[in-house]
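**Q** sequence and predicted structure are below.
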Amino acid sequence: MLTAPAMTFREWTGPLTADLVREPAKFGLGQVPSRLLPDATTKAVCGFCSTGCGLNIHLKDGAAINLTPDPDYPVNLGTACPKGWEALSVLDAPDRARMPLLHGKEVDWDTALRYFCDQMKRILDQHGPEAAAFLSTGQIMFEEMAFLGALAKFGMGMIHGDGNTRQCMATAVTAYKESFGFDAPPFTYADFEESDVLVFIGANPCIAHPIMWQRVLKNKRQPEIIVVDPRTTETAMAASQHYAIKPKSDLTLLYGLAHLLIRDGGVDQSFVEAHTNGFDAFAAFVAAFTPERVSAESGISIERLLRFAKIIREGKAVSFWWTMGVNQGHQATRTAQAIINLALMTGNIGKPGTGANSITGQCNAMGSRLFSNTTNLFGGHDFKNPKHREKISLAMGIPVDRIPDRPSLAYDQIIAAADAGTVKAIWFVATNPSHSWIDQNEMNRILDKLDFLVVQDMYCSTETAKRAHLVLPAAGWGEKEGCFINSERRIGYSPKVRRAPGQSLADFHIFRLIAHYWGCGEKFREWQTPEAVFRVLQRCSEGQPCEITGIEGYDMIRQHGGVQWPAKMTNDEWRMTNERRLFEDGKFFTEDQRAKFCFDEPVVPPEQRCAEFPLILMTGRGTSAQWHTETRTGKSAVLAKMVPEELMLDLNPEDAAKLGVRDGQRVRVISKRAELTALTRLTGCVKPGEVYLPMHDAQVNQLTHASFDPLSRQPSYKYSTVRVEWEKESIPLF
Amino acid sequence: MIYDLANDQEAGGGAPSEIVNHKSKIISEALRDQQTLRTPVALFSEEFDSRTVKDRFTHLIPLSKPNPGEQYAFHVNLDACTGCKACVAACHSLNGLDDDESWRDVGLLVGLEKKPYVQTVTTACHHCEDPACSNGCPVLAYDKDPFTGIVRHLDDQCIGCSYCILKCPYDVPKFNLKRGIVRKCDMCHGRLAEGEAPACVQACPNEAIKIQVVKVGAAKSERLLPGTFDSSYTQPTTTYVSAKPLPEAKPADEGQLRLDQAHPPLTWMLVLTQMSAGTFLVTALTSLAGLTGQREAWVCSWVGFIMGVVGIALSVLHLGQPLKAWRAFLGWRKSWLSREIIAFGLFAKLGAVSLLFPSKLTLSLAALAGVLAVYSSVMVYVDTRRPFWSMKLTGSKFFGTMLLLGTAIPGVIWAWMGHPLAQIAIPTALVLRWSVSLFEMREIKLARRDASSPWHMSARILTEKLPHLLRARKIMLAIVGIVLPTVIVTQFQVAAVFTLSVAITLCSQLIERHYFFTACHGPKMPGN
């Protein structure tokens, strides 16, 4: 853009200066860029992670033009991470799916829907109800999730469906269910501020959940912050103590802590006797986890183990927090339960600043846990229980014979069935397994065998969409309305503030159209709007721990700053406060209202280091600007600049010296399954013998070894073995 | 939702065409609903936050304006900076910046000791006491506010020459291609004036960034952070604090070999103007010594003049806002770029005079102006204090090019004109060619071997990222330095062969001048 000069020596104002002028906006927003001055604002809950931040959406003529974090929302108190700030810009990406694509060619919706129904019907008719499955997400609203689960199972007659929540939350679900009798994360974010001791295990909230870390820093009690992580993460740096255990020695460490707590009188006997089962057997079990053994297996000195146990023993309010380092392990459920056991035996549950607390992954992971109709029947019910089926049949107005009498296979089992040929069609909704699934090449080989692969997504460019026979273009967050449930069980509302590109449709619309084309529209007559579905789900939740019958509607959710479950019609206490925790009365959701101690002997990870593959590869989050397979975050230029330009391999300088590799050098990382190239980043933050790669790069999961927790079926992304090689660079002679 | 799903049952009873109609109707209704936004009233909008921005951040900005001898400055608590990068995104959104533009960045420090250490670092403009950007600007497009100390960029004054980018040791000003100008952090001066916190301050979940008032001229630490530039150069005002002592550390991206921005118009401009100045110099010297006649001098001056004018004209292509370049003399008090522009203007004018009024005096004056102009070119780069652009390296490259091509061009002319001086010019050019090349090769080799050399990284970039360029230049040297002289010795087509030799040398110098920019590895704040 050329501009003509003014006939003065210095131009203090002009069109280029005017581009950046800020002026006061209304609504308490302060100054905003003049060209982005809103004429109204509305509030939404962010659609990336499970923190569930509130965002003020700036509107002009009803459409969103900008956003700022909501200072009045109880979750984030006026801040957001970069993903939240950039939530609108990723909607404008050029690779948004705008039309249905059949074998890569644009078709109209009528053709796409007919093709979808013809293929699915043919496969289900020919091969039975187990031959088609859906695999969904934690990224769409729970009213939509519920529609998918009901449509696929009750309408179309499928048996199997699961979600990518299997990759992040399945372990916490399984652990809570067995220990507490229901999938019930007990905490509220205020617990971050009210703890005297916070123990983070396999969690890096500074990067993965920065807004939760904000709450930790708001803690005025000068708490002891303990991080258990093989890597020196940003969180480990910010903590008061870091236990850099050997990878996957977490279970042993936790049992060792239990051993020391019992030995040194750290058990809350009265709580254990009044509210738990199985403690004696647990105590006998952990007797073998002597400090000597635990020290040898975890790499933590006995002295430090004793110190760790002492801090827990002496802490007034101790809270335990875990994330993917625990959930994605080969014994993940038992590890999560070992954390729960510590909270139970020390009585650190049901009180402010306590709890065994799973920090969830995706914005609607909790919603999908309760209302996706995959492993559980709606509302945390059991497919196998005839009474539950009857109850849901009544609540939903669905004939009881349409409700399957068995739960779905887990994700990896569906994929194995596809490999075996019994599953012939898979319908993926808002997820990208061609990138994210463990041992990715194997996954892609199996996907290519399918008779019918449907991908329903915002973007037509995802690795999975490129393999699909049919792509259904979906509207994204901000282009549709509905609710998410965050980590602390808070239901938050998100409105429609943008027009979706091309002919893309909200998942809700797509499900309604499929119901209609399938010929089962009558069953979903009541399911007119997301809010109508919300009411159906309220009825399903009645009498469950997750009961939400008291919520009057979306308006109430908004005005209340989100509502945590339970919110019963019959009980008004929840209306008084906006931060509630569970189990304050010591009563759990098991039949005898007692929590259960669950445990198992630790075993070594299935893939072990050897001469050929001498390094342990751990994978995980790269930066706070990246989300999963980056189908969304990769589309924001601002987020892109927060990420290293090339894939970086964190390598200990000792290993580098042995290999003769220097900082910033291009190397090959090789596992039994595949290889990739990366630039080295030499850092003592990974220990010798260990390397780290961020999971967002499309190649990283080609390296990972597919092993699963036997109880939760969650993949173990944190332990594979690799070697690092490099080629001598040719340097010209002088 | 407008349409009724249950209708398909009723429609099912009708004729097939009705079913089709109904189906297409519900699709179009779904599409219409998808494109319909609710009114603000229905979205429960027009709500006010319970506390305004002004109320919420009073503890993070100074209560009063700076007194004389004081200025505003960023204050960063490293212990609270844990790498979320919200400040980067907020700066972009709250200031309405373009595409990937943000005036804040977050980098990473990693420890060098055995004890693991990692620290994220948020960084923006340091609003220096002695801002190098401002000192280098040829058009005075920077203003250090006398009351607040904020270093503001005057977007409508900027000519987009990018010199401030080269001058700033923290890589703060950024070129905005769409607008053809540079833009940078203004500390949200308008917000501060109204008692509102800057965007980054508002956005930090951990309150790591504050605005404070600092005394101008107060003692500063040697450098802001490990791996950053010597603070005595610009006197940056940002303070980084931590309750824990900082161990020995380095920026996480220190080992990365990155290529800096190439500047093709400047590459051509530098080589052509140096060739031109050298031609005038050699012409003047030989003329003064009485070795050449007026005719030879006149032809040489014309060729030198045209090359110089073309070079100067090409440099205009480098500007984002060339129409405003007439103000480039304004910064002459401090800016070497401004001086260079004035010097080349003078050189061109004196060159023209020497053509219109040929005499030993006018020719000598033009030659003198040319040498001064090349000296100012050298100083433009030396003044950035970048190690790869040290006086030794830049001076030898620029003056070397001037002497080499300044001998070669008259040599070519004399050879074609059959003047005997060609027989001296040709071997002299050969000796200069070898000297300039061997000097540079030796310097690269030494710097590459010596990790403590200030331009070690540039030498590594050259040998590891740009080996093809070095190789190409070596092949050219072999041709110009060995093959062609052998041919010339045989007296075969001396003028033509020497012209070819000079053309190859010109190419070689253009390549050298290309990587003069791309291998520079300018200083910056820690990156990822």
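**A** Looks like it came in fine.
**Q** grab the most central residue of chain A for me.
**A** Centroid check for chain A by C-alpha atoms, centre = their mean gives A:Gly361 as the closest residue, at 2.0 Å.
**Q** report the contact partners of that residue.
**A** Contact partners of A:Gly361, counting by C-beta atoms under 8 Å, 6 or more residues apart in numbering or on different chains, are A:Cys49, A:Ser50, A:Gly138, A:Thr165, A:Cys168, A:Met169, A:Thr323, A:Met324. Where you see a C-beta, it was placed from the backbone N, CA and C, and this is true even at glycine.
**Q** repeat that for B:Trp389.
**A** B:Tyr381, B:Val382, B:Phe516, B:Cys520.
**Q** just to revisit the earlier point, I'd like the contacts of A:Gly361 laid out as TSV, including distance to A:Ala674, secondary structure and neighbour count.
**A** Shown next, in TSV, are these (distance: C-beta to C-beta, whole Å; DSSP: H, G, I helix; E, B strand; the rest coil; neighbours: other C-beta atoms under 10 Å in any protein chain shown):
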residue	distance to A:Ala674	secondary structure	neighbour count
A:Cys49	28	strand	28
A:Ser50	30	coil	29
A:Gly138	27	coil	31
A:Thr165	26	helix	30
A:Cys168	23	coil	25
A:Met169	27	coil	29
A:Thr323	26	coil	28
A:Met324	22	helix	25
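**Q** for A:Asn66, state which of those residues is nearest.
**A** A:Cys49 (20.9 Å; C-beta to C-beta).
**Q** quick revisit: from the contacts of B:Trp389, which would you call buried?
**A** Buried residues within the contacts of B:Trp389, counting neighbours by 16 or more other C-beta atoms under 10 Å in any protein chain shown: B:Tyr381, B:Val382, B:Phe516, B:Cys520.
**Q** go ahead and confirm B:Arg179 touches A:Met1.
**A** Yes. Using C-beta atoms under 8 Å, B:Arg179 and A:Met1 qualify as a contacting pair, with a distance of 5.4 Å.
**Q** residues near B:Cys177, how many?
**A** Cys isn't right for residue B:177; it's Leu. Neighbour count of B:Leu177, defined by other C-beta atoms under 10 Å in any protein chain shown: 12.
**Q** mind checking how far it is from A:Ala640?
**A** 16 Å (C-beta to C-beta, to the nearest Å).
**Q** which single residue of the stretch 401-550 of chain A ends up nearest chain B?
**A** Across the stretch 401-550 of chain A, no residue is closer to chain B than A:Gly521, which sits at 3.5 Å (C-beta to the nearest C-beta).
**Q** how many neighbours does that residue have?
**A** By other C-beta under 10 Å, neighbour count at A:Gly521 equals 25.
**Q** helix, strand or coil for A:Leu453?
**A** strand (DSSP: H, G, I helix; E, B strand; the rest coil).
**Q** beta-bridge partners for it, please?
**A** Beta-bridge pairing for A:Leu453 (DSSP bridges): A:Ile426.
**Q** show me where the stretch 351-500 of chain A has its strands.
**A** For the stretch 351-500 of chain A, the strands defined by DSSP state E, counting those that start in this stretch cover A:355-358, A:425-429, A:452-457, A:470-473, A:482-485, A:490-494.
**Q** does A:Gly562 touch A:Cys46 like I think?
**A** No. Assessed by C-beta under 8 Å, A:Gly562 is found out of contact with A:Cys46, at 11.7 Å.
**Q** which SS class is A:His58?
**A** Under three-state DSSP, A:His58 comes out as strand.
**Q** gap between it and chain B?
**A** 10 Å (C-beta to the nearest C-beta, to the nearest Å).
**Q** what's the neighbour count on the closest residue in space to that residue that isn't next to it in sequence?
**A** In space, and not counting its chain neighbours, A:His58 is closest to A:Pro38: 3.6 Å by C-beta to C-beta, 6 or more residues apart in numbering or on different chains. For A:Pro38, the count of nearby residues is 24 (other C-beta under 10 Å).
**Q** kind regards, and thank you for your time.
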